[in-house]
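> Here is the input, now give the coordinates:
(chains A and B)
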Amino acid sequence: MKLLAIILSVVILSACSGTKVQRIDASETIDLSGAWNDSDSRMTAETMVSDVLNRPWINRHVSKHGKPPTVIVGSIKNLTHEHINTNTFVSDIERELINSGMVEFVASAKQRGDIRDERKDQDLNSTEATRNAAGQEIGADYMLTGQINTIIDANASTQLRYYQVDLTLISLADNRKVWVGQEKIKKLVENSKLRY
Amino acid sequence: MGNVAIVTTVKPSIFLLALFCFILSGCAANNRDVSEVANQLRHNLPIETALTKLEAIKVDKRSSAQHELNLGYLQLVSGDYQNAITNFEKAKQTMTSLQAISISENLASATVNETFRNYSGWPTDQVLVHGMMAMAYLLNNDLNGARVEVLQADVQMNKLAETDQTQGQLAFVRYLAGVIYELNDEYDSSLISYRMAFNILTTRKETIPAPLQQSLIDLTSRVGLADESKDYQKQFSRGLSKHYTNKQFVFAFDGVVTQMQQAKSTLWWDIDDVYLSVALPKFPRNNYVEYPFYIHSEEGEIVTQSIESIEKRAREDLQARMPAISAMALARAGAKFQTVKELNKKDNVLGAFANILTIMSEVADLRHWSLLPSSIQIAISYETTATLQLSSRYGQQFIDAANGQQIEQVQEIEIYPLESTLTNNTTTDNSTSDNQLSAEESLEEAISRNHITESMTAKSRALHENILKVSPTTMKKTRTNIAKINNSTNKNAVVLLSSLTNKIHIASF
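A predicted model of the protein is given here:
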């Protein structure tokens, strides 16, 4: 009976915890489940962009064309075991590339569609002085594409999660691969064998 | 004075027992409601009503995963893919978080009953949730999402295989993975998955369904393994298929899995004047009769074939758990017996009361993924631009693959009124001529009541009047020769049929 009393007390007490919210720095790394998270996305983007900007393809382009290269980010495929929103990763890469000031950047295919619609609308509704003409777009010189892969090795309570991000920069003029970058992340996730 | 002292000492314990009984009664009631919905679904309850009933059930937190699995499955077969994904995801996360051994749940199940455990899913549930999610993603035209799910299913199956080579190993999920990789042009991975499905079925000594045979032959040939392909051709007595593309991968969910029952034994132990009670879960005899779906194509009639018997898997899961469940039940009976015996020594009346409470609290845990189909069947049709007809017992429909899930009926032209009637009158697993006749009568009534109106065009009115004139036999023929899928998009497609609804779901890739 004492045992029953203890069990019941614990059951009732366990239901008493409330919601607690704590604001934290967006750059702080917190790992909860071991899955791909914002920190992985941000850190991978920083590392890979730093690598791509320090390779000889930029200098070659500038010396040949006399202007910084124009880049567009294409699709980054999620081939992992997780439902990763690759949009945040693409945004992180775009931000790093634009802020570097070493390359020019053009809008994605979808964004271009919206902008063209807006331009058409301006043609009809804007004043001559403020109207933006069609046919003045800058074409990209290079497209950045890639994929995120995982290998998971797991037993009942431990998981080894290996992420590999591969990015390739391809010249749109002649399909040359001018840069191939790779970033690896390895995580050992140990889950408790016991719970309350 | 002595008696008063005893009552004062014993009362809190009795109160606790009574409280326990009260708490656990909620869990048992939840499960009764779900089983009732399952049984009604088997007897033609419209899926929309079943969903409403299921959503109305107040679910104990301990059974939340079971509820979400059931809800997700009904949403999947009724075409609400996004909500199905949401519910499956919640269930998956709950089940994952419950994989560790719980001290409190074990204590509670050793002293009160098994329903005090959180529902963490059976091995079949833990794998099939990924399969069902993959289906939902596929039909939602999200091939990448489906791919993620089959990868997760692979990790889960490998984990389960570490402790038992057969538990949670589902040929359906392996085959589905093969289809998803094939749709994604990953032929190596696809072949590996098809081989795994083949190995599971071979280990179980079950028949290899023709679509899997054909996929093995075609894929081995496609990746350059000519000798292996020839071996398969010889083994299955069939050749290479004409096309690699423009395939319709058909999946059919038939029936509703049998509900578990409680087997409770109570015996009088006259040495100590105590009733002993043990309640265990059991499945009744498997009376499920598989009902195939028929596909009429240019190449002839194709019949769906079973790749997974959920009836068998559920029974195997229970069988594997029975030693632990039985041991716990015996330990619990011992603990309860000892408690009552101690109380009896102090006061006979209180002892008797405690004995009643221990008997009442002895309840078997009957929770499982109770709305799953009894069997999962597959077929492949190889079409180019021709029309694919699907026949089942669920109504006549026309689907244009170019429009995704656009559904309308053919044959009697304005047949969508029949569709709504047939939803309520589809035949059951054990269909009889009586309920077929009743369905036909209802059909006629529905047409006459709802669909011959003043606003109808003369042509429509004449058509409906003609339908009303046909004999029941003709009506039956009309109903049993069913759907057409016009896959004129030159694309591969995934088709889902379910005995719970007359809708046919399709996604092109």
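> give me phi/psi at B:L138?
phi -60, psi -50 (degrees, to the nearest 10).
> That one contacts B:A146, correct?
Yes - between B:L138 and B:A146 there is a contact under Cβ atoms under 8 Å: 4.5 Å. Where C-beta positions appear, they are placed from N, C-alpha and C, glycine not excepted.
> and for the two, which residues touch both?
B:I180 (Cβ atoms under 8 Å, 6 or more residues apart in numbering or on different chains).
> For those two, indicate the residue with more neighbours.
Per other Cβ atoms under 10 Å in any protein chain shown, whichever of B:L138 and B:A146 has more neighbours is B:A146, with 29 against 26.
> and A:S171, what is it in contact with?
A:D141, A:Y142, A:K177, A:V178.
> what two of the residues you listed are the furthest from one another?
A:D141 and A:K177 (13.6 Å; Cβ to Cβ).
> More neighbours: which of these two?
Set A:D141 next to A:K177 and count neighbours by other Cβ under 10 Å: A:D141 wins out with 21 against 11.
> sec struct for B:V495, please.
Classification of B:V495 by DSSP: H, G, I helix; E, B strand; the rest coil places it in strand.
> what residues are up against the closest residue to it other than its chain neighbours?
Nearest non-adjacent residue to B:V495, counting by Cβ to Cβ, 6 or more residues apart in numbering or on different chains: B:V250, 4.6 Å away. Each residue near B:V250 by Cβ under 8 Å, 6+ apart is listed here: B:F293, B:I295, B:T304, B:I378, B:A379, B:I380, B:S381, B:L390, B:V495, B:L496, B:L497.
> got JSON lines for those, with neighbour count, secondary structure and pLDDT too?
What follows is the contacts of B:V250, written out as JSON lines (neighbours: other Cβ atoms under 10 Å in any protein chain shown; DSSP: H, G, I helix; E, B strand; the rest coil; pLDDT from 0 to 100):
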{"residue": "B:F293", "neighbour count": "28", "secondary structure": "coil", "pLDDT": "83"}
{"residue": "B:I295", "neighbour count": "28", "secondary structure": "strand", "pLDDT": "72"}
{"residue": "B:T304", "neighbour count": "27", "secondary structure": "coil", "pLDDT": "90"}
{"residue": "B:I378", "neighbour count": "25", "secondary structure": "strand", "pLDDT": "96"}
{"residue": "B:A379", "neighbour count": "24", "secondary structure": "strand", "pLDDT": "92"}
{"residue": "B:I380", "neighbour count": "20", "secondary structure": "strand", "pLDDT": "89"}
{"residue": "B:S381", "neighbour count": "24", "secondary structure": "strand", "pLDDT": "81"}
{"residue": "B:L390", "neighbour count": "29", "secondary structure": "strand", "pLDDT": "57"}
{"residue": "B:V495", "neighbour count": "26", "secondary structure": "strand", "pLDDT": "88"}
{"residue": "B:L496", "neighbour count": "22", "secondary structure": "strand", "pLDDT": "91"}
{"residue": "B:L497", "neighbour count": "27", "secondary structure": "strand", "pLDDT": "87"}
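> and which of those residues is nearest to A:N87?
Distance to A:N87 across the contacts of B:V250 (Cβ to Cβ) is lowest for B:L496, with 28.7 Å.
> In this structure that closest one contacts B:M135, no?
Yes - here B:L496 reaches B:M135: they are 6.3 Å apart, a contact under Cβ under 8 Å.
> secondary structure class for the closest residue to B:M260 other than its chain neighbours?
Spatial nearest neighbour of B:M260, chain neighbours left out: B:L366 (4.4 Å); criterion: Cβ to Cβ, 6+ apart. When classified by three-state DSSP, B:L366 comes out as coil.
> Show the model's pLDDT score for B:L366.
Reading off the confidence values, B:L366 has pLDDT 94.
> show me what contacts it?
B:A28, B:N31, B:S35, B:Q259, B:M260, B:Q261, B:Q262, B:P281.
> would you list the residues you listed in TSV and tack on neighbour count, pLDDT and distance to B:L357?
Converted to TSV, the contacts of B:L366 look like this (neighbours: other Cβ atoms under 10 Å in any protein chain shown; pLDDT from 0 to 100; distance: Cβ to Cβ, whole Å):
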residue	neighbour count	pLDDT	distance to B:L357
B:A28	18	65	15
B:N31	26	81	21
B:S35	18	91	25
B:Q259	20	95	27
B:M260	21	94	24
B:Q261	14	93	23
B:Q262	15	93	18
B:P281	20	96	21
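> So which of these is the closest to B:F198?
Ranked by distance to B:F198 (Cβ to Cβ), these are led by B:M260 at 30.9 Å.
> Phi first, then psi, for the closest one.
phi -70, psi 150.
> which residues does it contact?
Neighbours of B:M260 in contact, by Cβ under 8 Å, 6+ apart: B:P281, B:K282, B:F283, B:L318, B:A364, B:L366, B:H368, B:S370.
> out of these, who's nearest chain A?
B:A364 (19.8 Å; Cβ to the nearest Cβ).
> can I assume the closest one is in contact with B:L280?
Yes - if you go by Cβ under 8 Å, B:A364 and B:L280 touch, sitting 5.4 Å apart.
> So these two - more neighbours on which side?
It is B:A364, of B:A364 and B:L280, that has more neighbours when counted by other Cβ under 10 Å, with 22 against 19.
> Next up, the contacts around that one.
B:A364 touches B:N113, B:E114, B:M260, B:Q262, B:A263, B:K264, B:A279, B:L280, B:P281, counting by Cβ under 8 Å, 6+ apart.
> how many other residues sit next to the closest residue to chain A within the stretch 201-350 of chain B?
Relative to chain A, the nearest point of the stretch 201-350 of chain B is B:T339 (6.4 Å; Cβ to the nearest Cβ). When neighbours are counted by other Cβ under 10 Å, B:T339 registers 22.
> who does the strand or helix carrying it touch, helix- and strand-wise?
Per DSSP states H and E: B:T339 is located in helix B:310-346. Contact analysis of helix B:310-346 by 3 or more Cβ pairs under 8 Å, 6 or more residues apart in numbering or on different chains; DSSP states H and E lists helix B:2-42, helix B:103-111, helix B:123-139, strand B:274-282, helix B:348-361, strand B:375-382 as its packing neighbours.
> between the third one and helix B:310-346, how many degrees?
So the one you mean is helix B:123-139. 140 degrees (axes from the mean of the first three to the mean of the last three Cα atoms, to 10 degrees).
> elements contacting helix B:123-139?
Helix B:123-139 is packed against helix B:64-77, helix B:81-97, helix B:143-163, helix B:171-183, helix B:310-346, strand B:493-498, strand B:504-508, with contacts defined by 3+ Cβ pairs under 8 Å, 6+ apart.
> quick one: contacts for the residue nearest in space to the middle of chain B?
Chain B has B:L372 as the residue nearest its centroid, 1.1 Å off, counting by Cα atoms, centre = their mean. Contact analysis of B:L372 by Cβ under 8 Å, 6+ apart lists B:Y73, B:L128, B:V256, B:V257, B:I310, B:A314.
> if I look at it, how far off is B:Q259?
11 Å (Cβ to Cβ, to the nearest Å).
> Same check on B:L107?
29 Å.
> And for B:T49?
18 Å.
> can you check B:L371 too?
From B:L371 to B:Q259 the distance is 10 Å (Cβ to Cβ).
> shared neighbours of those two, anything?
Common neighbours of B:L371 and B:Q259 (Cβ under 8 Å, 6+ apart) are B:A38.
> So what's the residue count around B:G72?
B:G72: 27 neighbours (other Cβ under 10 Å).
> Does it touch B:Q82 like I think?
No - counting by Cβ under 8 Å, B:G72 does not reach B:Q82; the two are 10.9 Å apart.
> what's the overlap in contacts for B:L496 and B:M135?
B:F251.
> The spatially most central residue of chain A and chain B, how far apart?
When Cα atoms, centre = their mean is applied to chain A, the residue found nearest the centroid is A:F89 (0.5 Å). Remark: distance between A:F89 and chain B (Cβ to the nearest Cβ, to the nearest Å) = 14 Å.
> Please identify the helix or strand for that residue.
With DSSP H and E as criterion, A:F89 is part of helix A:86-100.
> List the buried residues for the helix holding B:T339?
B:310-318, B:320-321, B:325, B:328-329, B:332-333, B:335-337, B:339-341, B:343-344 (16 or more other Cβ atoms under 10 Å in any protein chain shown).
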